[in-house]
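Kindly return the folded structure for what I paste below:
(one chain, ligands or ions: 1)
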Amino acid sequence: MINGKVLVVAGSDPSGGAGLEADQKVLAAHGCYAMTSTTALTIQNTKGVTGVHVIPSEVVGKQIEACLEDVGADVIKTGMLASAETIQIIAQMVTKYKVPALVVDPVMVSTSGHQLLPHEAIAQLTQHLLPHTTVLTPNIPEATLLLSQNGREPGEIQSVADVEAMGRKIQELGPKWVLVKGGHMPFRRDFMVAKAKEEKEVVIDVLIGPEGTVVRIESPYQESTSTHGTGCSLASAIAARLAQGADVPTAVRGACRYIEAGIKTAPKIGNGNGPLDHFHSTYTLPFSPGYFVEYLLEHPAVRDVWNEFVYHPFVMALGNGTLPLESFKGYIIQDYLYLVHFSRANALAAYKAKTIGDISRSNEIISHILHEMKLHINYCNSFGISKPEIEATEELQACTAYTRYVLDVGQSEDWLALQMALAPCLLGYGAVAKMLHAHADTVREGNTYWAWIENYKADDYVEAVRLGSELIEKNIRLQSPSRIEELIKIFVHATRMEIGFWEMFPYK
Ligand SMILES: Cc1ncc(COP(=O)(O)O)c(N)n1
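Model prediction:
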């Protein structure tokens with residue numbers, strides 16, 4: 001689901017760790033809709049930048065216009081701007097389209113030392129863009145350069161208080177909020193600049209805001225070579241959170257935590273300064289909404305056991321009419337006893353359901369089971385077995401094991417886990433009947449078991465399968481991938497119990 005629209009105006013990094021490529025990953029990880037306007041194509045990888053092809057500023061402007069006059073944006077985020085003309089055009093667009101928020105990462109020099117904004121463009125940046133800026137995100141070298149190019153004394157940094165003073169001076173140049181990023185200058189625990197390597201303990205990002213607001217965001221110093229694109233990614237994470245309605249301090253704090261985790265879990269890609277893991281907290285479901293059951297039955301842990309159940313020799317003997325009648329009688333009686341507990345399990349599902357709609361679905365399934373049990377009684381009567389005789393029969397172990405397993409899942413786990421334990425029976429009998437209907441060896445005329453097959457192919461059973469699947473589909477996509485794997489294990493175990501049920505009686 002898309003929440004928030006962000007337009008990024010920045011340069012492209014073909015190696016994917018910084019620039020537009022990183023920005024789009026961050027926005028995707030936050031569930032935002034990302035648009036881009038490209039200021040430059042760089043030639044770079046984790047080892048450094050070897051070339052820059054600047055895109056004409058009219059093209060950049062027309063790309064921005066194409067996005068804003070149609071889709072619109074909640075936030076514009078800028079990165080590498082490449083030229084003074086491009087800066088002017090962005091400022092015109094921000095004013096013309098009254099974009100609600102502007103996050104400016106004043107990219108000047110890459111981590112590897114390559115100039116990404118001409119020195120003379122810093123004046124344009126200050127004059128045209130900073131007055132419209134909601135959040136400006138310089139690191140300490142960029143903050144120093146911004147102040148000195150504007151004829152202000154950056155001052156020497158000894159402590160966090162000096163960083164705050166620096167942020168305040170930058171705020172006077174126009175931006176509403178300034179985040180001075182501390183990654184380049186770690187501190188000791190006492191908030192003095194770390195001189196020696198072993199003194200580097202904390203990173204402090206300082207956010208300066210209106211009416212004297214100061215927020216310090218402290219995180220543990222991480223010794224890492226995976227920091228390529230951290231600045232781009234941080235500013236995009238701030239933009240994403242603003243687009244989703246967060247206030248600036250909340251957006252900035254959340255974005256800093258996102259980057260901290262991205263460095264911690266970085267994938268070690270390339271031979272230089274590697275990229276972050278942008279997707280450390282993103283779930284990707286392995287199926288598309290509405291197609292879980294299809295995915296489930298093809299899952300490597302399910303496929304073979306499912307086929308063993310559906311194409312079991314007991315089933316095939318029902319289909320070609322060769323199943324010994326004594327086996328069928330025994331099976332029908334045990335299945336009746338099974339259905340009593342299966343109804344209890346569905347009643348438990350109704351109890352665990354949270355909406356009247358889901359309660360009523362469980363109720364419909366129980367009504368269907370009652371109908372099925374009447375057919376079992378009719379079968380037994382035709383074999384001369386009465387209802388009291390059925391009910392007086394002792395459950396066989398496979399019947400007890402299966403039903404009590406389902407009930408235990410229902411007691412000890414949640415509603416969806418119970419539905420997964422119930423699913424092999426519901427889906428399986430539908431699949432068995434469908435398979436037998438289509439199978440070349442199936443005998444219809446004179447097959448004692450044809451009526452049994454017909455029952456599970458009838459419209460009302462097909463409808464019950466559809467309802468059951470719909471219930472699972474609706475709820476499964478709210479689960480995490482690891483929980484889905486656990487739920488699949490329940491399905492597999494219950495399917496094995498179904499196989500055990502076929503195995504109770506001789507089928508030859
Ligand atoms: C296109 C582009 N934009 C920004 C950066 C800065 O990122 P870093 O400081 O990590 O090199 C970059 N290297 N390339």
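
quick one, what contacts Ser37?
Residues counted as contacts of Ser37 (C-beta atoms under 8 Å, 6 or more residues apart in numbering) are Leu7, Val8, Val9, Val60, Gln63, Ile64, Cys67. C-beta here means a position set from N, CA and C on the backbone, and glycine is covered the same way.

Can you classify it by secondary structure?
Following DSSP: H, G, I helix; E, B strand; the rest coil, the label given to Ser37 is strand.

what bridges to it?
Taking DSSP bridges, one obtains Val9 as the residues bridged to Ser37.

before we move on, what about Thr42?
According to DSSP bridges, beta-bridge pairing links Thr42 with Val52.

how close does Ile356 sit to the ligand?
As judged by C-beta to the nearest ligand atom, to the nearest Å, Ile356 and the ligand stand 54 Å apart.

now swap in Cys399 and tell me
For Cys399, the distance to the ligand (C-beta to the nearest ligand atom) stands at 64 Å.

ditto for Ser110
Ser110 is 4 Å from the ligand, by C-beta to the nearest ligand atom.

dump the residue contacts of the spatially closest residue to that residue that is not a sequence neighbour.
Spatial nearest neighbour of Ser110, chain neighbours left out: Val49 (5.2 Å); criterion: C-beta to C-beta, 6 or more residues apart in numbering. Contacts here follow C-beta under 8 Å, 6+ apart; on that basis Val49 touches Thr42, Ile43, Ser110, Ser112, His114, Leu116.

Leaving out sequence neighbours, find the closest residue to Gly31.
Of all residues beyond its chain neighbours, the one nearest Gly31 is Asn3 (5.1 Å), with distances taken as C-beta to C-beta, 6+ apart.

Tell me which residues touch the one you found, please.
Under the contact definition (C-beta under 8 Å, 6+ apart), the residues listed for Asn3 are Gly31, Cys32, Ala243, Gln244.

Which ones among those lie within helices?
Using DSSP state H to define helices, the subset of the contacts of Asn3 located there is Ala243.

Among the contacts of Asn3, name the buried ones.
Cys32, Ala243, Gln244 (16 or more other C-beta atoms under 10 Å).

any chance of these in CSV, plus distance to Met192 and pLDDT?
Compiled in CSV, these are given as follows (distance: C-beta to C-beta, whole Å; pLDDT from 0 to 100):
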residue, distance to Met192, pLDDT
Cys32, 38, 98
Ala243, 37, 98
Gln244, 37, 98
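
you'd agree Val293 is in a helix?
Yes - note on Val293: a helix contains this position according to three-state DSSP.

Could you tell me how many residues sit around it?
The number of residues packed near Val293 is 18, by other C-beta atoms under 10 Å.

got it, and Pro220?
The number of residues packed near Pro220 is 11, by other C-beta under 10 Å.

Tell me what it is bridged to.
The residues listed as beta-bridge partners of Pro220 by DSSP bridges are Val202.

Distance check, it against Lys200.
Pro220 is 10 Å from Lys200, where distance means C-beta to C-beta, to the nearest Å.

Pro506 too?
If you measure Pro506 against Lys200 using C-beta to C-beta, the figure is 75 Å.

what about these two, which has more around it?
Of the pair Pro506 and Lys200, Lys200 is the one with more neighbours under other C-beta under 10 Å, namely 18 against 12.

Quick check on that one: phi, psi?
Taking degrees, to the nearest 10, you get phi -70, psi 110 for the backbone angles of Lys200.
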